[in-house]
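Trainee: have a look; sequence and predicted model below, questions after that.
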Amino acid sequence: MGLSKDSCCVFMLQLFILVCLLVQCFDVKVHADLNATLIVDASQASARPIPDTLFGLFFEEINHAGAGGLWAELVSNRGFEAGGPNTPSNIDPWSIIGNETNINVETDRTSIFERNKVALRLEVLCDNTCPADGVGVYNPGFWGMNIEQGKKYKIVFYARSTGPLNLVVSFTGPNGVGNLASTVITGSASYFSNWTKVETILEAKATSRNSRLQLTTTAKGVIWLDQVSAIPVDTYKGHGFRNDLFQMLVDMKPSFIRFPGGCFVEGESLRNAFRWKASVGPWEERPGHFGDVWKYWTDDGLGYFEFLQLSEDLDALPIWVFNNGVSHTDEVDTSAVLPFVQEALDGLEFARGDPTSKWGSLRAAMGHPEPFNLKYVAVGNEDCGKKNYRGNYLRFYSAIRHAYPDIKIISNCDASSTPLDHPADLYDYHIYTGADDMFSRSTTFNRVTRSGPKAFVSEYAVTGKDAGQGSLLAALAEAGFLIGLEKNSDIIDMASYAPLFVNANDRRWNPDAIVFNSFQLYGTPSYWMQLFFAESNGATLLNSSLQTNSSKTLIASAITWQNSVDKKTYIRIKAVNYGASAVNLKISINGLDPNSLQSSGSTKSVLTSANVMDENSFSQPKKVVPIQSLLQNVGKDMNVIVPPHSFTLLDLLKETNKLMMPESDSSTRSSI
């Protein structure tokens, strides 16, 4: 049965009113502000120092973070060892220029380097019939080499030849088109009859983001190549670190860096575990190894020495994680672990020993006669549940404590809920979880005993669907967790996000803090979130209490910190609004002299976005980044709107007057 025209009008009017009511209700729910009050005690009576070491970095060779990333070497598989020590071998990603009628390429074991015997043999079959551009091999690097106009690149390789050498070394564009830079290496047959080191500098006359390195010739004969390296002349302090990625780390102001893993240290099997002795000495002589957990080869150009140098360049304490005789699939019995213990002791001597000692002299020969400031070691990674871990750990603990009593030793076993059954200076705590659970863990350490070893939260991140490839939601949940760590920093010494880097061409793990390719980079929201904590190391935690009816979605804290450049002192208030409604936050600061806060110089920074699942990308690298503005109406009592799904930071500039201190308490610390 149909409806009349009048009935239709009445029905549509009723439907319209219903929709409007629903929309109005929804609008009220989204935009209705909640109220909260943060009371801060700015006096020193209740303040507590935050450890100098609280927030730092964890670097693992995962996602091509080092090889093809922070380590600026452009050539992948520079020693032709990635296919294994036997020949014939797979030389990927090297490829042949020319066809089989012009050139024959194979590997043999004729290298002069004892620990990496594989070399590349090129038999050039053509002579006057060779293509005009020659025949040879090329290397595309790590998904294309970024060669930039005006930049210089140091080329090093070893060569030997049965006749006179006439070899063109060049950077070209994609598919070998376009000459970006080139030089010709020539020499007599007698000069190249034995392995000879060749060094040259190429200056690029054009830019290509997807370049390759070519070595070609038109001369008939046999040429051997080995250890072919191309690295920008301009790296951080000439130490081999890619400048733009290094600067991202500098901006985080880390207090420490934990290295080189992670599962990379353990290996799927012990035969492929990272061994520090194989990663030091001249780069040409390092054998490299296959990281069987993350499934790619690294030549270990970024080795133990370079990690220590990285720490020093960042002015961060190195934390060395070493293998304790345990991998993912095999273990050394405690009765046979002493060689592993000795290897760890030798590693400590390399880092800290006198330059005349056996291993300290090798460090000195590598250009660093002064000892590195190594004060922390971790005995293994995530091995606590393994059969031999505790027995092995005690052997390492005893030997290191005896030889280096000042070194702090970190156990893999989590003591946040159950006390350790073995001695340790710190215990390791890892947490990868969903966003809601991570945010709720802001109170985890409230319930942890105040006695015993302190915690090192060396790996944390939101993972799974909440994280995407680095979402705002993940960053907010992690921020709430970190505020909880900061408030519990009396029993937490250190914390670091994981993983740090990902090459976008080799995502082995999602999400990560910093995403890059050969020429681009950006920080995920989790990276920018961590910058809000960059001033917390060595700051002073102020006692604060939050009064709110949204306690499950709002968390806040207050610290005082001093700018190291201009020596100005700030009260920093951080507030994470994990909910979908804005919060009207009333801030009351007690314990300050009258008029001791300045509007001029006080700022507000907000990390938020239109959608809680928003991410940054190469096309929109700053879609989700903090927005800073000047803060108006600064005072001891003030109101601030904390937007939904946001992380808000207030830096309140203090006058030089001191904080008010109780006259009767002579034991309180002086103001900063």
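Mentor: Alright, I've got the coordinates.
Trainee: going by C-alpha atoms from here, please, whenever you check contacts or count neighbours.
Mentor: Fine.
Trainee: Asn412 reaches Ala424, doesn't it?
Mentor: No: the pair Asn412 / Ala424 is not scored as a contact, 9.6 Å apart, by CA atoms under 8 Å.
Trainee: which of those two has more neighbours?
Mentor: Between Asn412 and Ala424, counted using other CA atoms under 10 Å, the more crowded position is Asn412 (23 against 19).
Trainee: most centrally placed residue in the chain?
Mentor: For the chain, the residue sitting closest to the mean C-alpha position, by CA atoms, centre = their mean, is Leu500 at 2.6 Å.
Trainee: which non-adjacent residue is nearest it?
Mentor: Distances taken as CA to CA, 6 or more residues apart in numbering put Ala513 closest to Leu500, at 5.0 Å, once the chain neighbours are dropped.
Trainee: which residue ranges of the stretch 451-600 of the chain form strands?
Mentor: Here the stretch 451-600 of the chain has its strands, by DSSP state E, counting those that start in this stretch, at 454-462, 492-497, 501-503, 514-516, 521-523, 540-548, 554-562, 569-577, 583-590, 597-607.
Trainee: for those, give me CSV that also has mean pLDDT.
Mentor: As requested, the strands of the stretch 451-600 of the chain are exported to CSV (pLDDT from 0 to 100):
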stretch, mean pLDDT
strand 454-462, 98
strand 492-497, 98
strand 501-503, 98
strand 514-516, 98
strand 521-523, 98
strand 540-548, 95
strand 554-562, 97
strand 569-577, 97
strand 583-590, 96
strand 597-607, 93
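Trainee: Ile50 is nearest to which of the ones you listed?
Mentor: Distance to Ile50, taken as CA to CA, is lowest for strand 540-548 among the strands of the stretch 451-600 of the chain, at 5.5 Å.
Trainee: ok, residues contacting stretch 280-299?
Mentor: Stretch 280-299 has contacts (CA atoms under 8 Å, 6 or more residues apart in numbering) with 62-63, 67, 77-79, 81-82, 113-116, 227, 263-264, 267-269, 272-274, 278-279, 300-301, 303-305, 362, 366, 508.
Trainee: buried stuff in that stretch?
Mentor: 280-281, 283-294, 296-299 (16 or more other CA atoms under 10 Å).
Trainee: compute the first-to-last residue distance for that stretch.
Mentor: End-to-end distance of stretch 280-299 (CA to CA, to the nearest Å): 11 Å.
Trainee: the residue nearest to Leu500 and Tyr527 touch, don't they?
Mentor: Yes: if you go by CA under 8 Å, Ala513 and Tyr527 touch, sitting 4.8 Å apart.
Trainee: in contact with Ser416, which residues are there?
Mentor: Counting by CA under 8 Å, 6+ apart, Ser416 makes contact with 429, 445, 448-449, 455.
Trainee: quick check on Tyr376: phi, psi?
Mentor: Main-chain torsions, Tyr376, degrees, to the nearest 10: phi -130, psi 140.
Trainee: just the residues contacting stretch 429-445, thanks.
Mentor: 412-414, 416, 455-467, 473-474, 476-485, 488, 552.
Trainee: of these, which belong to helices?
Mentor: In this view, the contacts of stretch 429-445 that belong to helices under DSSP state H are 473-474, 476-485.
Trainee: roughly how far does Ser496 sit from Tyr429?
Mentor: Distance from Ser496 to Tyr429, by CA to CA: 10 Å.
Trainee: where do the contact lists of those two overlap?
Mentor: Jointly contacting Ser496 and Tyr429 under the rule CA under 8 Å, 6+ apart are 457-459.
Trainee: export those as a markdown table, with columns for distance to Lys358.
Mentor: Below are the shared contacts of Ser496 and Tyr429 laid out as a markdown table (distance: CA to CA, whole Å):
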| residue | distance to Lys358 |
| --- | --- |
| Val457 | 35 |
| Ser458 | 32 |
| Glu459 | 34 |
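Trainee: ok, so of those, who is nearest Ala219?
Mentor: Checking the shared contacts of Ser496 and Tyr429 against Ala219 by CA to CA gives Glu459 as the nearest, at 54.8 Å.
Trainee: tally up the residues packed near the closest one, please.
Mentor: Neighbour count for Glu459, taken as other CA under 10 Å: 18.
Trainee: that one and Tyr497 touch, don't they?
Mentor: Yes: applying CA under 8 Å, one finds Glu459 in contact with Tyr497, separated by 5.4 Å.
Trainee: so what sits against both of the two?
Mentor: Common neighbours of Glu459 and Tyr497 (CA under 8 Å, 6+ apart) are Phe58.
Trainee: show me the buried residues of stretch 280-299 that map onto strands.
Mentor: Secondary structure from DSSP state E places 289-291, 296-298 of the buried residues of stretch 280-299 in strands.
Trainee: residues contacting Ser496?
Mentor: Contacts of Ser496 (CA under 8 Å, 6+ apart): 55-58, 457-460.
Trainee: ditto for Thr101
Mentor: Contacts of Thr101 by CA under 8 Å, 6+ apart are 125-126.
Trainee: how about stretch 459-467: buried residues?
Mentor: Here stretch 459-467 shows 459-463, 466-467 as buried, counting by 16+ other CA under 10 Å.
Trainee: re earlier: of the contacts of Ser416, which is the most crowded?
Mentor: Ranking these using other CA under 10 Å puts Ala455 first, with 26 neighbours.
Trainee: show the average pLDDT along stretch 464-474.
Mentor: Confidence for stretch 464-474, expressed as mean pLDDT, is 98.
Trainee: returning to that earlier point: between the ones in strands among the buried residues of stretch 280-299, which is nearest Ser588?
Mentor: Nearest to Ser588 out of those is Gly291 (CA to CA; 53.6 Å).
Trainee: run through the bridge partners of that closest one.
Mentor: Under DSSP bridges, the beta-bridge partners of Gly291 are Tyr296.
Trainee: what of Phe157?
Mentor: On the basis of DSSP bridges, Phe157 is bridged to Val198.
Trainee: quick check: the farthest pair among the contacts of Ser416?
Mentor: The widest separation within the contacts of Ser416 (CA to CA) is 14.7 Å, between Tyr429 and Thr449.
Trainee: residue ranges of the helices in this protein, please?
Mentor: Under DSSP H, the chain gives helices at 5-31, 243-250, 263-266, 304-313, 338-352, 358-365, 389-403, 435-440, 472-487, 525-531.
Trainee: between those helices, which gets nearest to Pro164?
Mentor: Smallest distance to Pro164 across the helices of the chain (CA to CA): 34.7 Å, for helix 358-365.
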